[in-house]
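> Compute the structure for the input listed below.
(one chain, ligands or ions: 2)
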Amino acid sequence: MAGPLVTAGGVRLAGALEAQRERLLPCVHCGFCLPACPTYNRLGDENDSPRGRLHLMQAVVEGRLDASSDAFQTHIDRCLGCRACEPVCPSGVEYGTLLELAREAAAEARPPGMLTRSLLIVMGSRPLRGMLFMGGRLLRATGLAGWAVRHLGGDGVAGKLRFALAMLAATTEAEGFRRRDTAVAGVASATHPSGSVDAESAGTVPDRALDAPGGTVGVLQGCVQDGLYGRLNDATGRTLDANGFHVRIVTRQDCCGALHAHGGDLQSARHLARRNIEAFERAGVDWVVVNAAGCGAAMKDYGVLLEGDPMQARARAFAERVRDVTELLAAVGPRRGAPVTCSVAYDHPCHLMHAQGVTSEPLQVLDAVPGVEVRMVAKADECCGGAGIYGMTHPDLGAHIGGDKVAAVRETGADLACTPNPGCMMQIGAGLRIEGSGGDVVHPVELLDHSYQRAGYYR
Ligand code: SF4
Ligand code: SF4
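Numbering: from 1, shown residues only. Ligands and ions are numbered 1, 2, ... in the order given. You can find the predicted model right below:
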């Protein structure tokens, strides 16, 4: 079965795909995955479908196509990596793993653009990303990011800059959550004027004994979460603690490597994975908790990422312990908090729903907040177009896919958008801001945390 490995300028790269030949074989070309694919649905080109991309990978493995060819580069690059094609595939094709290998082949045959390269370098370095996010927080705090979104316009570089700043502005804490003693904007509490919680409307705290801990957990701080969503990391620790988990600080952890893996830099992704495995092993935690869907999906795949590595067995054991925060909270049945009266437009993150099979758990978390009315976004299972910096690298297609999602969010008429993944929060929030229609987006755990604060669970 071994096909030729030689492709001009891509001998080693085709070899990387060759090693995955068995992963390509299960595809029977049935096409069941096509209707699930956002790029195929928008462009109608077979090469922009999962089946078409698998054909392209196969052609590179067999030496019929060069990894540096326009066809391979364009269509592999255009994939969102949303993995909506995986759960609908009757043959169990591991599309996400194959895509990462194809991206590595594409990147080594033809280095990616400056924007992607710079991003991967910065995210892989703690000091560099620390400086980047410090600048981001400054732009956000001064309101300059929001001002620029309202005043910048046009296409090209200005359009990309505007979108990047809109994503930054979207990380601002939702208006009604900033002052925890006051109900403002679309978020009303059931507190009395005195500030005390209405015990009846607050619901009952379950009898479950909170001195029976759910285990020891360490929270992945992440790169974007640590830099721009510190409040979400804090909320994750507080809500787990309030539900009987012992939260342990995990030092010397790092970025999960998902951005690098998706960008074709598997070497850096493996390096970061090894660092995290060592850090969480040292901390001796039962569960590795993640509040970002893309990071969770990547870390649950560490065993695959480190195939053939001396740390493979440890990577597999580590991956078994990774849980999305909503999985752990749902598993213990989260305590009900005080009411937070608002409606939320809920959207499923691809890397939670398709890559991890986590669908109902975030809704169970929202169910623990009395007063929250959940309105499902139409086509909530379809990608929002986030996919890292897709909106900047593919402005037209990204705007098309993202625009459809923003329209669906607006159609719900809800007070807030809600999705359990910072990347999707930034993408949807940016789209709403660019449209000039507000744009507050919250994580379900933020809502639960807000509800617990109102109930006085943290005093
Ligand atoms: S990836 Fe799966 S669903 Fe898609 S064509 Fe191949 S076998 Fe069919
Ligand atoms: S990952 Fe998403 S965009 Fe890529 S082929 Fe699969 S469904 Fe299409």
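> Quick check: Cys350 vs ligand 2, distance?
Separation of Cys350 from ligand 2 (CB to the nearest ligand atom, to the nearest Å) stands at 7 Å. For glycine as for every other residue, the C-beta is placed from the backbone atoms N, C-alpha and C.
> what's near enough to touch the nearest residue to that residue once chain neighbours are set aside?
Setting aside the residues directly before and after it, Cys350 is nearest to Cys82 in space (CB to CB, 6 or more residues apart in numbering), at 3.9 Å. The contact partners of Cys82, taken as CB atoms under 8 Å, 6 or more residues apart in numbering, are 38, 350-351, 354, 383, 387.
> so where does the residue of the stretch 51-200 of the chain found nearest ligand 1 fall, helix or strand?
Using CB to the nearest ligand atom, the single residue of the stretch 51-200 of the chain nearest to ligand 1 is Cys89, 3.2 Å away. Here Cys89 sits in a region with no helix or strand, counting by DSSP states H and E.
> Now do the same contact list for the nearest residue to it once chain neighbours are set aside.
Closest residue in space to Cys89, ignoring its immediate chain neighbours: Cys33 at 5.4 Å, by CB to CB, 6+ apart. If you count contacts by CB under 8 Å, 6+ apart, Cys33 has them with 49-51, 85, 88-89, 93, 95.
> ok, 7 Å please
50-51, 85, 88-89 (CB atoms under 7 Å, 6 or more residues apart in numbering).
> Next: Leu98.
20, 23-24, 54, 57.
> about what we covered before: can I get the contacts of Cys82 in TSV with distance to ligand 1, neighbour count and pLDDT?
Written out in TSV, the entries for the contacts of Cys82 read as follows (distance: CB to the nearest ligand atom, whole Å; neighbours: other CB atoms under 10 Å; pLDDT from 0 to 100):
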residue	distance to ligand 1	neighbour count	pLDDT
Pro38	15	25	94
Cys350	16	28	93
His351	18	29	93
His354	13	25	92
Cys383	17	28	92
Ala387	19	25	72
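> Could you dump the residues you listed into JSON lines with secondary structure added?
As requested, the contacts of Cys82 are exported to JSON lines (DSSP: H, G, I helix; E, B strand; the rest coil):
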{"residue": "Pro38", "secondary structure": "helix"}
{"residue": "Cys350", "secondary structure": "helix"}
{"residue": "His351", "secondary structure": "helix"}
{"residue": "His354", "secondary structure": "coil"}
{"residue": "Cys383", "secondary structure": "coil"}
{"residue": "Ala387", "secondary structure": "coil"}
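> Please identify which pair of these lies farthest apart.
Within the contacts of Cys82, two members stand farthest from each other by CB to CB: Pro38 and His351, at 14.0 Å.
> on that earlier part again, element containing the residue nearest to Cys350, please.
Under the assignment given by DSSP H and E, Cys82 is not contained in any helix or strand.
> For Ser68, see how far away it is.
When CB to CB, to the nearest Å is applied, the distance between Cys82 and Ser68 equals 25 Å.
> What of Lys379?
Between Lys379 and Ser68 the computed distance is 36 Å (CB to CB).
> Of those two, which one has the most company?
In terms of neighbours (other CB atoms under 10 Å), Ser68 is the more surrounded of Lys379 and Ser68; the figures are 18 against 13.
> ok, so what distance separates the residue nearest to that one when sequence neighbours are not counted from ligand 2?
Distances taken as CB to CB, 6+ apart place Ala109 nearest to Ser68, at 3.8 Å, with adjacent residues excluded. If you measure Ala109 against ligand 2 using CB to the nearest ligand atom, the figure is 19 Å.
> how about Ala109, phi and psi?
Comment: the main-chain dihedrals of Ala109 come out as phi -70, psi -30, following degrees, to the nearest 10.
> Make 749 the starting number, not 1.
Understood, numbering begins at 749; the last thing we discussed is Ala857.
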